[in-house]
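Novice: predicted coordinates and the sequence they were generated for:
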Amino acid sequence: MDFMEVFSEERAARLPSHQVWDCAIDLLPNTSLPKGRIYPLSLPESKAMEEYIETALAAGHIRPSTSPAAAGFFFISKRDGGLRPYIDYRGLNAITVRYPYSLPLYPLHWSS
């Protein structure tokens with residue numbers, strides 16, 4: 001019973017509050033923001049998108065934005081017939097500053 005709150009479905013359904021150590025995404029200088037492609041959606045996909053947005057907004061996973069950057073949104077069919085949402089961030093990823101960090105490769109570290 002000591003760890004019940006760690007496995008709480010209510011806590012798992014929402015994001016933690018913002019902290020001072022939260023990251024920012026730095027973009028390469030002198031690059032223009034991507035304009036995401038608009039993918040055509042079928043009627044079931046449009047309904048699923050509306051449901052996804054309502055649920056994600058209510059849970060705090062997404063928020064309204066006025067950003068000039070955009071990313072395409074579409075669905076990939078699951079094996080069970082459901083729809084998996086997919087947001088195409090390739091344009092944004094292409095202009096993101098890559099920060100190398102030195103995490104050790106544990107298998108290499110242990111073998112020496």
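Specialist: Nice, thanks for sending it over.
Novice: tell me the mean pLDDT for stretch 44-56?
Specialist: Computed over stretch 44-56, the mean pLDDT rounds to 94.
Novice: strands of this structure, start to end?
Specialist: With DSSP state E as the criterion, the chain has strands at 72-77, 83-88.
Novice: now render those strands as JSON lines, adding mean pLDDT and mean neighbour count.
Specialist: Backbone N, C-alpha and C define where each C-beta goes, glycine included. JSON lines is the format used below for the strands of the chain (pLDDT from 0 to 100; neighbours: other CB atoms under 10 Å):
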{"stretch": "strand 72-77", "mean pLDDT": "93", "mean neighbour count": "15"}
{"stretch": "strand 83-88", "mean pLDDT": "93", "mean neighbour count": "14"}
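Novice: redo those as TSV? Include distance to R98.
Specialist: Formatted as TSV, those follow (distance: least, CB to CB, whole Å):
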stretch	distance to R98
strand 72-77	22
strand 83-88	19
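Novice: what's the offset of stretch 27-46 from the middle of its chain?
Specialist: Chain-centre distance of stretch 27-46: 14 Å, with CA atoms, centre = their mean, to the nearest Å.
Novice: can you tell me what sits against that stretch?
Specialist: Outside stretch 27-46, the residues within contact range by CB atoms under 8 Å, 6 or more residues apart in numbering are 49, 67-75, 83, 88, 91-92, 94-97.
Novice: 10 Å instead, please
Specialist: Residues from elsewhere that reach stretch 27-46 (CB atoms under 10 Å, 6 or more residues apart in numbering): 47-49, 52, 67-75, 77, 83, 85-98.
Novice: any idea how far apart the tips of that stretch sit?
Specialist: The first and last residues of stretch 27-46 sit 31 Å apart, counting by CA to CA, to the nearest Å.
Novice: can you check stretch 69-89 too?
Specialist: Start-to-end, stretch 69-89 (CA to CA) is 10 Å.
Novice: contact partners for the residue lying closest to S77 once chain neighbours are set aside?
Specialist: Excluding the flanking residues, the one nearest S77 by CB to CB, 6 or more residues apart in numbering is L83, at 6.5 Å. Contact partners of L83, counting by CB under 10 Å, 6+ apart, are 41-42, 44-45, 47-49, 51-52, 74-77.
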